[in-house]
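Undergrad: I'll drop the sequence and a predicted model, then ask my questions.
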Amino acid sequence: MKTVLITGANKGIGFETAKQLLTQGYFVYLGSRNENNGKEAEAQLKAAGLVNVALIKLDVTDINSINKAKALLENELPALDILINNAGIPGDQPQNISTCEMTNLREIFETNYFGVIQTTQQFLPLLRKAEAPSIINVSSEVGSLTMHTTPGRNTNWDNYHAYGSSKTALNTFTVMLANELSGTNFRVNSVTPGYTATDLNNFQGVKTVEQGAKAIVSLVNQPPPGTTGKFFKEDGEIPW
């Protein structure tokens, strides 16, 4: 049974991704910064008959929390097959880059960029032990520089400059890590769920969480050797 660790999995797209993967036979570790919220999510899944799930307390902004989670999994698993870096925050809006408060920008990057990197770094040794390890970074179209510079761009994105910048940086991390691990059995990719209705956007998204999670689940199920160093949405690749 393949094992998956999903950060920020107690709600929203992370929770739905866990649910869909559980129905497909994976064992899923629910990473949750808040232990009580994580326990509620775990109980909800088990009540639905999805028993191959376990809570793991994990705050991606806290290296001590990450190390404790790593030690726990190292004691339980011979290898970790898939890491889904899903935890993220939107920050306060509006956040036009010309006026965005630096405290807001730094807080967003702490979770969406630095948090992903330090979580990935700590779990790489356990991932290396898997036959076909995969790292999936949950990004956003708002991080696509090509889409920002295309005529007719979505001007509503101007309210999300700081968030979008963090996702652009995340995409850069994806490319650099994929390049560093080229020639190995690793796959490292970014994926966007699309504009999905979650508390991240006050449930204003046009897609359901069931629809948003499909892009992530599809990438998890990509047969080896698969693709690495790419940016995907539900219906295929999108530009950086």
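TA: Received the coordinates, thanks.

Undergrad: pLDDT value on the residue nearest to residue 105 when sequence neighbours are not counted, please?
TA: Of all residues not flanking residue 105 in the chain, residue 162 sits nearest, at 4.7 Å (C-beta to C-beta, 6 or more residues apart in numbering). C-beta here means a position set from N, CA and C on the backbone, and glycine is covered the same way. On the pLDDT scale, residue 162 is placed at 95.

Undergrad: from residue 84, how far off is the closest residue to residue 22 other than its chain neighbours?
TA: Nearest residue to residue 22, sequence neighbours excluded (C-beta to C-beta, 6+ apart): residue 50, at 4.0 Å. From residue 50 across to residue 84, the span is 17 Å (C-beta to C-beta, to the nearest Å).

Undergrad: what's the answer for residue 140, then?
TA: Plainly put, residue 140 is 15 Å away from residue 84 if you go by C-beta to C-beta.

Undergrad: what of residue 125?
TA: Relative to residue 84, and taking C-beta to C-beta, residue 125 is found at 18 Å.

Undergrad: in this structure, which spans are strands?
TA: Counting by DSSP state E, the chain has strands at residues 3-6, 27-32, 53-57, 82-85, 134-138, 187-191, 231-233, 236-237.

Undergrad: distance to residue 157 added to those strands, as JSON lines?
TA: Below are these laid out as JSON lines (distance: least, C-beta to C-beta, whole Å):
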{"stretch": "strand 3-6", "distance to residue 157": "26"}
{"stretch": "strand 27-32", "distance to residue 157": "28"}
{"stretch": "strand 53-57", "distance to residue 157": "33"}
{"stretch": "strand 82-85", "distance to residue 157": "22"}
{"stretch": "strand 134-138", "distance to residue 157": "17"}
{"stretch": "strand 187-191", "distance to residue 157": "17"}
{"stretch": "strand 231-233", "distance to residue 157": "16"}
{"stretch": "strand 236-237", "distance to residue 157": "20"}
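
Undergrad: how about the ones you listed, which one is nearest residue 114?
TA: Checking those against residue 114 by C-beta to C-beta gives strand 82-85 as the closest, at 11.6 Å.

Undergrad: list the contacts of the closest one.
TA: With contact meaning C-beta atoms under 8 Å, 6 or more residues apart in numbering, strand 82-85 is reached by 2-7, 14, 17, 26, 60, 116, 119-120, 123, 127, 133-138, 216, 220.
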